[in-house]
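S.K.: Predicted model, plus sequence, below.
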Amino acid sequence: QVQLVESGGGLVQVGDSLRLSCAASGLTFVNFAMAWFRQAPGKEREFVAVIGMRGDVIDYAGSAKGRFTISRDNAKNTMYLEMASLEFEDTAVYYCAARVGMSTRPDLYRIWGQGTQVTVSS
């Protein structure tokens, strides 16, 4: 059974840092590009960052560049999102997703985690 499980969300203050993890099972992790998306209340799910199979190709949404760092550890079947200088607007449910081939489009992903809530208080 393919499963993605996010963890690391929580309540933080503006300017704080947070690290999210996404643990994968039931798939050959190294064969999949991995991505982070987020969805705030009343808004559509939006792209945050994506990383290629070997971690050598990375892309970020404009809102994440310079503040967020995506990485993966293929030996641990785990992907990470280091978030720094968090802003109130970063408040959302963060989802990880997997697919064969990189994409920034959420509609092209079929494997999703259940999400982890990140709340940034001002």
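M.R.: Sure, I can see it. Residues are numbered from 1 along each chain as shown.
S.K.: tell me the pLDDT at the nearest residue to residue 9 once chain neighbours are set aside?
M.R.: Using CB to CB, 6 or more residues apart in numbering and skipping the chain neighbours, the partner closest in space to residue 9 is residue 116 (3.4 Å). C-beta coordinates here come from the backbone N, C-alpha and C atoms, glycine included. Note on residue 116: pLDDT of 98.
S.K.: count of residues packed around residue 116?
M.R.: Neighbourhood size, residue 116 [other CB atoms under 10 Å]: 22.
S.K.: and it, what does it touch?
M.R.: Applying CB atoms under 8 Å, 6 or more residues apart in numbering to residue 116 gives the contacts 6, 7, 8, 9, 20, 93, 94.
S.K.: So in that sheet, which strands flank the helix or strand containing residue 119, and in what orientation?
M.R.: Secondary-structure assignment from DSSP states H and E places residue 119 in strand 116-121. When pairing is defined by DSSP bridges, strand 116-121 lines up against strand 10-13 (parallel), strand 92-99 (antiparallel).
S.K.: mean confidence score for the longest one?
M.R.: On average, the pLDDT along strand 92-99 is 98.
S.K.: Could I get the buried residue list for it?
M.R.: In terms of neighbour count (16 or more other CB atoms under 10 Å), strand 92-99 has its buried residues at 92, 93, 94, 95, 96, 97, 98, 99.
S.K.: where along the chain do the helices fall?
M.R.: Counting by DSSP state H, the chain has no helices at all.
S.K.: sorry, back to before: send the alpha carbons of the strand holding residue 119 over as CSV?
M.R.: The C-alpha trace of strand 116-121 is given here as CSV (Å, rounded to 0.1, in the frame of the first residue of the first chain):
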residue,chain,number,x,y,z
THR,A,116,0.0,18.7,8.2
GLN,A,117,-1.3,22.0,9.5
VAL,A,118,1.1,24.9,9.8
THR,A,119,-0.2,28.0,11.6
VAL,A,120,1.8,31.2,11.8
SER,A,121,0.6,33.6,14.3
